[in-house]
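Student: I'd like to go over a predicted model; first the sequence, then the structure.
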Amino acid sequence: MKEYEVIIIGGGPAGMAAALKVNNEGCKALIIEREERLGGILKQCIHDGFGVLKFNERLTGPEYALKYKNIIKNKDIDILLKTFVIEIKKDKDFHIKIINENGIHILKTKTVIFSTGCRERTSKQIFIQGERPAGIYNAGTAQYMTNIMGFMPGKNCIILGSGDIGLIMARRLTLEGAKVLGVYEIKDTPSGLTRNIRQCLYDYDIPLYLSHSITKIFGKERIEAVEISKVNKNYELIENSKKIIKCDTLILSVGLIPENELLEDLGITIDKKTNGAFVDNDFMSVEIPGIFICGNALHVNDLVDYVSESGEIAGKKACEYIKNKKTNNKNTKVDINENFLYIVPQYINENSNDEIIFYFRSKKRFENAKLKIFLDDKIVEKNYNKLIPAEMEKLTIKNIKNKKISMILE
Ligand SMILES: Cc1cc2nc3c(=O)[nH]c(=O)nc-3n(C[C@H](O)[C@H](O)[C@H](O)COP(=O)(O)OP(=O)(O)OC[C@H]3O[C@@H](n4cnc5c(N)ncnc54)[C@H](O)[C@@H]3O)c2cc1C
């Protein structure tokens, strides 16, 4: 049985950043990736906007991934492609069951870094009445078809949900010659980044309809039309607001969910707010030491730069754990008030003297928001002109060793 110090599951930007850090820290890493190339979701994101924070450049997804791949290929990092992790067991070490063209094998490792990314919510998870004809795609699938396979998903498209992938696909399909008839969002605020609303919809005259949803699908073989209705603040349908719109394609952009089945099988509880695990400031699971989680598997990030950053933290901390430099978990929960959608990490290792990076989202829109951070008796205040759930915030706090920490957003 082959043994490693760190096994990284998932070769997207989080996994690649983690592997490089592990290598820099002098430990032996293996990346396991189920696809035939490294790069994760970046491979299909041919628009630019990646790497502004990390490289001070506006790169496309494949360019961002290539920067990492070029460094990795010259390092002593093992990579298993076209290999799926199907099970993990733990005694003193972790035993990782993999399947690939050579069969089923078990690998042994002291630590595991989960960088498995996330997947899209599907049509089965949002209930729409009517038939189930062809022509209904998740935005990421439509993106894969258009950018990797070179196929057009359709000519007259409706987009349901204003998530970033849907917004990016609205622009992409328009550039490829399709007509995007509109983006329909059930909430009264958009789900995607403000910059994507502007650059992907308004710059291309694609209308955005807030407080609207699709209530019925028509068509037997291929989708032919959808019924759209207005909704009130409680998402209840408004009488007499129904409208039928002809289309041949429906694209769903209704949210991403961290891919965490392997963690759940290990008995790790999933935080209902993030859909990821509960971790401390080292991104180590608070339930099973030796498991580190980073990137979109931990919570859905807006920017790939933050994804890479979390991979680096997980990689560094996994090595410290192996070298027994990481003092054992003595965690305290970070208390937050109801105005937070979530905060990551949710716990702080009390013995940690590091500066701590928090990522958080607000539950609703705030103008001139105030964040009060209580460190024992000391209060630090931070002001934000605007906070919206669609945009993640990053917060760095120093000197919190042995302190209780709570935060109030108002
Ligand atoms: C459509 C779209 C547009 C985006 N646009 C931007 C943008 O403009 N700017 C920006 O900064 N960010 C953007 N992002 C965000 C950014 O791409 C993601 O945040 C980032 O790719 C997430 O990285 P990750 O490594 O966590 O996950 P992923 O990139 O999803 O990688 C996870 C990897 O894990 C592998 N894997 C999962 N489970 C297993 C298993 N059991 N065994 C083996 N391998 C496994 C998967 O195959 C995958 O390769 C966009 C994202 C999307 C989806």
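Tutor: Perfect, thanks for sending it. What you see is a predicted model, and the numbers here were worked out from it, not measured in a lab.

Student: Please name the nearest non-neighbouring residue to residue 100.
Tutor: residue 83 (4.0 Å; CB to CB, 6 or more residues apart in numbering). Placement of C-beta: from N, CA and C, glycine included.

Student: How confident was the prediction at the one you found?
Tutor: You'll see residue 83 listed with a pLDDT of 98.

Student: next one: residue 126
Tutor: In the predicted model, residue 126 carries a pLDDT score of 65.

Student: re the thing from before, ok, the residue nearest to residue 100 - how many residues close by?
Tutor: Using other CB atoms under 10 Å as the criterion, residue 83 is surrounded by 22 other residues.

Student: Correct me if wrong: it contacts residue 36.
Tutor: No - contact between residue 83 and residue 36 fails when scored by CB atoms under 8 Å: they sit 10.1 Å apart.

Student: residues of stretch 198-209 that come out buried?
Tutor: Buried positions in stretch 198-209, judged by neighbour count with 16 or more other CB atoms under 10 Å: 199, 200, 201, 206, 208.

Student: How far off centre is that stretch?
Tutor: Averaging C-alpha coordinates over stretch 198-209 and over its chain gives two centres that are 24 Å apart (CA atoms, centre = their mean, to the nearest Å).

Student: can you list contacts of it?
Tutor: Outside of stretch 198-209, the residues that reach it under the criterion CB atoms under 8 Å, 6 or more residues apart in numbering are 162, 167-168, 170-171, 174, 180-185, 190, 197, 228.

Student: so where do the helices sit in this protein?
Tutor: All helices of the chain, identified by DSSP state H, fall at 13-24, 61-72, 139-144, 164-175, 194-196, 261-265, 304-322.

Student: if we can go back for a sec, between the contacts of stretch 198-209, which is nearest residue 115?
Tutor: Distance ranking of these against residue 115, using CB to CB, places residue 168 first at 22.2 Å.

Student: who in the stretch 101-250 of the chain is up against the ligand?
Tutor: Applying CB under 6 Å from any ligand atom, one finds that the stretch 101-250 of the chain approaches the ligand through 115, 116, 117, 140, 143, 164, 165, 168.

Student: And the residues you listed, which is closest to residue 87?
Tutor: Closest to residue 87, out of all of those and judged by CB to CB, is residue 116, at 13.8 Å.

Student: ok, that closest one - contacts?
Tutor: Taking CB under 8 Å, 6+ apart, we find residue 116 in contact with 9, 10, 258, 259, 260, 262, 297.

Student: The residue in the stretch 101-250 of the chain that the ligand sits nearest to: neighbour count?
Tutor: Of the residues in the stretch 101-250 of the chain, the one nearest the ligand is residue 117, at a distance of 2.3 Å by CB to the nearest ligand atom. The number of residues packed around residue 117, counting by other CB under 10 Å, is 21.

Student: From residue 43, how far out is it?
Tutor: Residue 117 sits 12 Å away from residue 43, going by CB to CB, to the nearest Å.

Student: Figure out the length between the terminal residues of stretch 144-159.
Tutor: Taking CA to CA, to the nearest Å, the first and last residues of stretch 144-159 lie 16 Å apart.

Student: please renumber so the chain begins at 53
Tutor: Happy to do that; since the first residue is 53 now, the last one works out to stretch 196-211.

Student: In that stretch, which residues are buried?
Tutor: 196, 197, 198, 199, 205, 206, 208, 209, 210, 211.

Student: OK, contacts around the second one?
Tutor: When contacts are counted by CB under 8 Å, 6+ apart, residue 197 touches 189, 203, 204, 205.

Student: What ranges in the stretch 303-452 of the chain fall below the confidence cut-off?
Tutor: Confidence mapping of the stretch 303-452 of the chain against pLDDT under 70 gives the ranges 377-381.

Student: Name the residues of it found near the ligand, please.
Tutor: Within the stretch 303-452 of the chain, the residues that sit near the ligand (CB under 6 Å from any ligand atom) are 311, 347, 348, 349, 353, 355, 356, 357, 359.

Student: Now do the spatially closest residue to the second one that is not a sequence neighbour, the pLDDT please.
Tutor: For residue 347, ignoring the flanking residues on the chain, the nearest one in space by CB to CB, 6+ apart is residue 66 at 2.5 Å. According to the per-residue confidence, residue 66 scores 98 in pLDDT.

Student: just to revisit the earlier point, show me the contacts for the residue of the stretch 153-302 of the chain closest to the ligand.
Tutor: Taking CB under 8 Å, 6+ apart, we find residue 169 in contact with 62, 64, 66, 92, 93, 310, 311, 347, 348, 349.

Student: how long is stretch 280-297 from one end to the other?
Tutor: For stretch 280-297, the separation between the terminal residues is 7 Å (CA to CA).

Student: In that stretch, which residues are buried?
Tutor: 280, 281, 282, 283.

Student: For the residues of the stretch 303-452 of the chain next to the ligand, work out which two are farthest apart.
Tutor: 311 and 357 (20.7 Å).

Student: Can you name the residues bridging to residue 401?
Tutor: Applying DSSP bridges to residue 401 gives these bridge partners: residue 383.

Student: Surely it and residue 332 touch.
Tutor: Yes - counting by CB under 8 Å, a contact exists between residue 401 and residue 332, whose distance comes to 4.6 Å.

Student: Does residue 157 touch residue 150 like I think?
Tutor: Yes - the pair residue 157 and residue 150 passes the contact test of CB under 8 Å, sitting 5.5 Å apart.

Student: Looking only at neighbour counts, state which of those two leads.
Tutor: Neighbours of residue 157 and residue 150, each counted by other CB under 10 Å, are more numerous for residue 150; the result is 21 against 14.
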